[in-house]
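With the input below, show me the fold.
(one chain, ligands or ions: 3)
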Amino acid sequence: NALQHVTGHGKGVLGDDKNFDVRCETSGSPCYLDDVNRKIQTYDAEKQDQNLPGKLIKSSSTTFNEPAGVDAHTYAEKTFDFYKKKFGRNSFDDKGGKLISSVHVGDKWNNAAWDGKQMLYGDGDGKVFTMLSGSLDVVAHELTHAVTENTANLQYWGESGALNESISDIMGATIDSKNWLLGEDIYTPDKSGDALRSLADPPKYKQPDHYKDRYIGFQDNGGVHTNSGINNKAAYLIAAGGTHHQVKVQGIGRDKMSAIYYRALTLYLTPNADFAEMRKAAIESATDLYGANSAEVTAVKKAYDSIGVN
Ligand SMILES: CC(C)[C@H](Cc1cn(Cc2ccc(C(=O)O)cc2)nn1)C(=O)N[C@@H](CCCCN)C(=O)O
Ligand SMILES: [Ca+2]
Ligand SMILES: [Zn+2]
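Ligands and ions are numbered 1, 2, ... in the order given. The predicted model follows:
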């Protein structure tokens with residue numbers, strides 16, 4: 001009925017005004033962070049992490065005074081729309097699956113995650129992180145884990161795990177296209193200009209940007225959040241161009257770069273894919289999309305040469 005698609009209003013984590021889709025009772029009140037169209041619902045976990053998702057966030061009017069929930073909801077909508085408009089994908093599972101997010105998960109939890117069923121956002125401790133749903137690239141990163149699980153299902157360890165992480169960072173940096181940084185909006189609220197990760201310059205935040213410098217060990221599932229920097233650098237070079245380890249890459253732009261990775265993720269990559277297979281899948285995807293002798297295929301080959309994946 002008419003009160004299924006109401007426009008809600010509220011301030012996000014950074015104090016900015018946001019509009020988003022809500023559902024209200026037929027009387028007009030209360031309203032909920034429940035986007036019936038896209039099937040996106042946002043809950044309050046009330047600082048615990050056992051009984052998820054928690055309580056569906058509600059308000060007595062269309063105005064929501066709940067910044068973490070406002071951003072989790074709005075950024076999930078934006079990410080949904082990106083996948084729908086650009087790739088024709090109907091939600092993370094391409095079957096219109098319901099997207100559940102919980103904010104205020106845990107006590108000052110310095111993290112955000114996709115737990116295989118839903119998205120989780122901590123409040124941060126106010127030093128390392130502020131409320132983690134306050135960054136579009138983070139929400140897109142987590143939602144892309146759900147897309148990856150429903151497509152290539154890249155296993156979360158070693159090189160396939162680093163690719164899983166990299167695909168999430170790549171889509172995060174494509175959807176939040178204002179820069180090539182990850183998490184800058186919510187990382188160290190008292191300090192500006194820093195970020196969690198940089199796709200343009202992974203070593204800036206202690207990630208390798210060449211295959212010879214990859215971490216080999218057992219921490220963090222074999223360094224999935226470290227070695228993602230190597231593939232992130234290749235993706236950055238494909239989009240923006242540049243010279244890396246004496247190899248010159250002519251950039252083709254963020255739009256084409258993300259189309260190549262989405263095609264690789266959905267058509268060619270397999271659960272145990274390694275970096276060598278990532279190179280082949282990206283070349284194959286660029287060939288399908290732009291032609292065998294295209295500038296796009298050349299950019300992919302040069303970018304993977306430049307990070308030592310030949
Ligand atoms: C913002 C978000 C992208 C997040 C960033 C993040 C947060 N953390 C924990 C963390 C906590 C404290 C500090 C500190 O300096 O004190 C640093 C990092 N490590 N990485 C992140 O990367 N989360 C992982 C969560 C993985 C959970 C296991 N599947 C992911 O989604 O890949
Ligand atoms: Ca960013
Ligand atoms: Zn991740």
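
which residue ranges form the strands in the stretch 1-150 of the chain?
Along the stretch 1-150 of the chain, the segments classed as strands by DSSP state E, counting those that start in this stretch run 6-11, 17-24, 31-32, 34-35, 40-44, 55-56, 58-59, 63-64, 99-103, 112-114, 119-121.

can you list the ones you listed in a markdown table and add distance to residue 255 and mean neighbour count?
The way it works is simple: take the backbone N, C-alpha and C, and place the C-beta from them, glycine included. Shown next, in a markdown table, are the strands of the stretch 1-150 of the chain (distance: least, CB to CB, whole Å; neighbours: other CB atoms under 10 Å):
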| stretch | distance to residue 255 | mean neighbour count |
| --- | --- | --- |
| strand 6-11 | 29 | 18 |
| strand 17-24 | 25 | 19 |
| strand 31-32 | 35 | 21 |
| strand 34-35 | 26 | 22 |
| strand 40-44 | 25 | 24 |
| strand 55-56 | 36 | 14 |
| strand 58-59 | 37 | 20 |
| strand 63-64 | 33 | 18 |
| strand 99-103 | 24 | 26 |
| strand 112-114 | 25 | 20 |
| strand 119-121 | 25 | 28 |
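
Dump the ones you listed to JSON lines, plus distance to ligand 2 and mean pLDDT.
Converted to JSON lines, those look like this (distance: least, CB to the ion, whole Å; pLDDT from 0 to 100):
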{"stretch": "strand 6-11", "distance to ligand 2": "20", "mean pLDDT": "97"}
{"stretch": "strand 17-24", "distance to ligand 2": "17", "mean pLDDT": "97"}
{"stretch": "strand 31-32", "distance to ligand 2": "29", "mean pLDDT": "97"}
{"stretch": "strand 34-35", "distance to ligand 2": "23", "mean pLDDT": "98"}
{"stretch": "strand 40-44", "distance to ligand 2": "21", "mean pLDDT": "98"}
{"stretch": "strand 55-56", "distance to ligand 2": "29", "mean pLDDT": "98"}
{"stretch": "strand 58-59", "distance to ligand 2": "29", "mean pLDDT": "98"}
{"stretch": "strand 63-64", "distance to ligand 2": "24", "mean pLDDT": "98"}
{"stretch": "strand 99-103", "distance to ligand 2": "19", "mean pLDDT": "98"}
{"stretch": "strand 112-114", "distance to ligand 2": "14", "mean pLDDT": "97"}
{"stretch": "strand 119-121", "distance to ligand 2": "16", "mean pLDDT": "98"}
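
Please identify which of these is closest to ligand 1.
Ligand 1 sits nearest to strand 112-114 of all the strands of the stretch 1-150 of the chain, at 4.1 Å, using CB to the nearest ligand atom.
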